[in-house]
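Asker: Here is my input, please return the structure:
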Amino acid sequence: MRFANLALYRSLQSLIFNLMRGLRPSKSRTARFKLILKGRAWFVFALIVGGYLLSLPTPDGLSIEGYTVLIMSVVATILFVTEPIPLPAVALLIMVGQVLLLGINSNDVAKSIMSDSVLFIMGSLMLAVAIVKQKLDKRIAFFIVKVTGTKTANISVGISVVSGLMASVVGEHTVAAMMLPVAITLIRLTSTDPKQVRQLAAVLLFSIAYGCSVASISTPSGGARNAIMIGFWQEFYYDPLNPATFKYLVDYVSWVMYCFPVFIAQLMFTSFILLKAFKPEVSNLNRAVVKLRRQLAEQGKMDASDYATIMIFLLTLAGWIMFSDTVGLGTIALMGSTAFLVFGLVKWDDINTNVNWGVVLLYGSAISLGIQMKDTGAAEWVANNMLGMLANIGADGGPSLWLSISAMTATVTNTMSNGAAVAMLGPVTLKMANVANESPLLMGYITAISSSFAYLTVVGTPACTIVYSAGYLKPSDFLRVGSRMLLMSTTVLMLFAYFYWPLLGL
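Answerer: Predicted coordinates:
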């Protein structure tokens with residue numbers, strides 16, 4: 001294996017040198033070569049880094065297979081952050097790497113990819129397409145205003161609450177896409193000049209983004225990273241033949257009991273932080289609401305398809321709550337999405353076109369790589385070394401370790417997708433729990449929840465990217481208000497971990 005890896009690195013190095021030498025004489029060839037490599041510099045860099053690391057001696061205490069998995073993780077992380085190639089292509093490379101570099105049978109790789117967690121992600125994305133298809137945005141906007149009144153501050157709270165409640169069961173990227181037209185409607189009905197409503201736009205748009213972010217951890221269906229963590233708990237600790245491991249089989253209700261109150265506590269501070277960071281130009285949106293009422297009157301009342309959509313979604317949610325521990329989250333999500341197709345509420349062409357199948361592929365491969373980190377001992381080796389470093393500053397156990405894990409996860413999740421962050425860090429933090437004699441459930445919850453603290457950058461979370469696309473926000477706005485959100489969310493998480501979770505037996 002070592003000679004094969006070294007030969008692979010030398011072959012790659014020789015190929016790059018020969019390509020560059022062979023193309024040098026011809027200007028047209030040089031131009032074509034530059035065109036091919038345009039935007040691919042980080043991909044080449046990642047391959048060179050991986051090849052170089054493979055040529056180095058294996059660290060003490062780590063197997064060759066474990067070292068190879070770590071190198072694959074490093075290369076995947078570089079590609080996740082820089083995105084020189086489509087992320088689904090990274091997923092394919094992870095699968096191929098497991099077969100070629102680790103010598104794993106391709107059937108075993110395929111089995112590790114298609115788990116209930118991946119079926120759940122796939123089903124949730126299909127459900128989201130069916131819900132968006134019904135175009136309920138203006139009705140949602142009017143419902144919010146009808147409940148909260150026309151004051152800007154109250155509407156901000158209403159948007160955060162509605163975004164949060166929906167994101168807790170649908171997924172933040174879907175809710176952000178559904179709620180963006182709601183906010184844009186209210187903004188444009190107030191003024192068509194973006195400069196005159198910039199502060200108002202910031203409050204309403206961040207109410208969507210951060211409402212979705214804080215809610216995405218409240219239930220297993222709120223985000224892919226939640227399903228990934230549940231999958232890791234089951235893969236690492238659950239043995240159906242040993243009743244003692246049943247405490248690590250987290251179902252829908254258990255997750256809600258631990259995480260939903262954390263969401264509510266964060267939501268209570270979100271609008272307050274936004275209104276302090278931005279001062280809306282208008283304190284009352286009554287003129288916009290009058291225009292919105294007129295447009296709804298022209299659109300007409302809700303029809304049978306709208307009510308059927310709501311009913312199927314509520315039945316799916318009930319299935320998650322009552323039967324996820326026996327049937328599985330993924331099976332119920334697929335049943336719900338199939339119901340939309342059976343009753344003709346959405347066409348397969350709509351689902352096939354609008355579901356990002358690459359996301360399913362990406363999370364499946366990330367979970368598979370995490371399993372290999374566990375099986376090869378790589379996760380435990382990293383955990384031991386990280387705990388050794390934390391011990392030097394007195395953070396190798398208790399609240400100081402929790403805070404360190406939260407800070408590390410928050411840093412990583414602001415540079416890549418939260419699902420990818422959990423997929424990479426989950427195996428490490430769970431092994432750190434074993435070594436530090438901490439609860440794997442507690443460490444897993446902290447990792448999953450902290451992955452939602454992607455407040456600082458436009459690309460930190462899909463919800464932030466979606467609201468930024470409206471054109472009212474600047475990247476500096478995210479850092480300005482996101483730093484306050486990060487401090488608030490971290491404080492709330494630590495308080496719940498220390499005071500509330502022990503009451504539930506954690």
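
Asker: low-scoring stretches of the protein, by residue?
Answerer: For the chain, the stretches flagged by pLDDT under 70 are 1-39, 81, 132, 135-138, 171, 173-174, 243-245, 325, 415-417, 459-460.

Asker: what's the longest helix in it?
Answerer: helix 252-277 (DSSP state H).

Asker: Contacts for the very next helix or strand once past that helix, please.
Answerer: Next helix or strand after helix 252-277 toward the C-terminus (DSSP states H and E): helix 286-299. The contact list for helix 286-299, computed with Cβ atoms under 8 Å, 6 or more residues apart in numbering, reads Lys138, Arg139, Ala141, Phe142, Val145, Thr150, Thr185, Leu186, Leu189, Thr190. For the C-beta atoms, the positions are set from N, CA and C on the backbone; glycine is no exception.

Asker: list the contacts for the last one?
Answerer: Translated: Thr190. Val197, Leu200, Val282, Leu285, Arg287, Ala288 are the contacts of Thr190 under Cβ under 8 Å, 6+ apart.

Asker: any idea how far Leu241 lies from Ala318?
Answerer: Distance check for Leu241 against Ala318: by Cβ to Cβ, to the nearest Å, it reads 31 Å.

Asker: what's the neighbour count on Phe499?
Answerer: 9 (other Cβ atoms under 10 Å).

Asker: coming back round to it: quick one: which of the contacts of helix 286-299 is most hemmed in?
Answerer: Per-residue neighbour counts (other Cβ under 10 Å) across the contacts of helix 286-299 peak at Ala141, which has 27 neighbours.

Asker: Now do the helix or strand harbouring that one: distance to the chain's middle.
Answerer: Assessed by DSSP H and E, Ala141 sits inside helix 137-148. Its chain's average C-alpha position is 27 Å from that of helix 137-148, according to Cα atoms, centre = their mean, to the nearest Å.

Asker: moving C-terminal of it, what's the next helix or strand?
Answerer: helix 152-167.

Asker: could you check the angle helix 137-148 makes with that following helix?
Answerer: If you take axes from the mean of the first three to the mean of the last three Cα atoms, to 10 degrees, helix 152-167 sits at 120 degrees to helix 137-148.

Asker: which stretches of the stretch 1-150 of the chain form helices?
Answerer: For the stretch 1-150 of the chain, the helices defined by DSSP state H, counting those that start in this stretch occupy 2-23, 27-37, 41-55, 64-82, 87-100, 106-113, 116-132, 137-148.

Asker: now the helix or strand hosting Leu361 against helix 116-132, angle please.
Answerer: Per DSSP H and E, Leu361 falls inside helix 357-375. Going by the same axes, to 10 degrees, helix 357-375 is angled at 160 degrees with respect to helix 116-132.

Asker: Send me helix 357-375 as PDB with only the CA atoms.
Answerer: The C-alpha trace of helix 357-375 is given here as PDB (Å, rounded to 0.1, in the frame of the first residue of the first chain):
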ATOM      1  CA  TRP A 357     -29.800  15.200  -6.300                       C
ATOM      2  CA  GLY A 358     -26.100  16.200  -5.900                       C
ATOM      3  CA  VAL A 359     -26.900  17.100  -2.300                       C
ATOM      4  CA  VAL A 360     -28.100  13.500  -1.700                       C
ATOM      5  CA  LEU A 361     -24.900  12.200  -3.300                       C
ATOM      6  CA  LEU A 362     -22.800  14.600  -1.300                       C
ATOM      7  CA  TYR A 363     -24.200  13.700   2.100                       C
ATOM      8  CA  GLY A 364     -24.200  10.000   1.400                       C
ATOM      9  CA  SER A 365     -20.500  10.000   0.500                       C
ATOM     10  CA  ALA A 366     -19.700  12.200   3.500                       C
ATOM     11  CA  ILE A 367     -21.400   9.800   5.900                       C
ATOM     12  CA  SER A 368     -19.500   6.900   4.200                       C
ATOM     13  CA  LEU A 369     -16.200   8.700   4.700                       C
ATOM     14  CA  GLY A 370     -17.100   9.300   8.400                       C
ATOM     15  CA  ILE A 371     -17.700   5.600   8.800                       C
ATOM     16  CA  GLN A 372     -14.300   4.800   7.400                       C
ATOM     17  CA  MET A 373     -12.700   7.300   9.800                       C
ATOM     18  CA  LYS A 374     -14.300   5.300  12.600                       C
ATOM     19  CA  ASP A 375     -13.500   1.800  11.300                       C
END
